[in-house]
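>>> Sequence plus predicted model, see below.
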Amino acid sequence: MSKISKFLWSLLPLLSLLFVVSCEDNGSKITSVIKLKSSVVEAKAKADTYTVNYTIENPVDGETVNVVADAEWISNIDRTTAGVIKFDVADNTVEQQRSAVVTVEYKNAEPATFTVKQ
């Protein structure tokens, strides 16, 4: 056998090991995806209640969304009904428009956001 053949045969176990390691399951999880039906909510200046509908692709049993607003004039965030985020917007007592970002989080999903403009 030539030196090249011996060398190639000696590499075979190493190549086999690399193949097995590369095919190993590294614990990857199915990723959930949050799909919001609205990206912007246009609120009136007068206080009112609003809703944003959503769906979860690849949902995880027993998990619910977490919702956080970055402004205190958005309150009473209700997420008890699956697929619906309900919230109150307080009176806007100034003439200038204001806006806030609402973040929706879910296990194994990238956060999704929508903007409330008033």
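Arrived safely.
>>> give me phi/psi at the residue nearest to Thr51 when sequence neighbours are not counted?
Using CB to CB, 6 or more residues apart in numbering and skipping residues adjacent in sequence, the residue nearest Thr51 is Lys86, 4.9 Å away. For glycine as for every other residue, the C-beta is placed from the backbone atoms N, C-alpha and C. The phi and psi values for Lys86, taken as degrees, to the nearest 10, are phi -120, psi 140.
>>> wait, isn't Lys86 in contact with Thr49?
Yes - taking CB atoms under 8 Å as the contact criterion, Lys86 and Thr49 are neighbours in contact, 6.4 Å apart.
>>> Provide a list of residues in contact with the closest residue to Asp78 other than its chain neighbours.
With CB to CB, 6+ apart as the criterion, Asp78 has its nearest non-adjacent residue at 4.2 Å, and that residue is Lys86. In this structure, Lys86 makes contact with Thr49, Tyr50, Thr51, Asn76, Ile77, Asp78, Arg79, judged by CB atoms under 8 Å, 6 or more residues apart in numbering.
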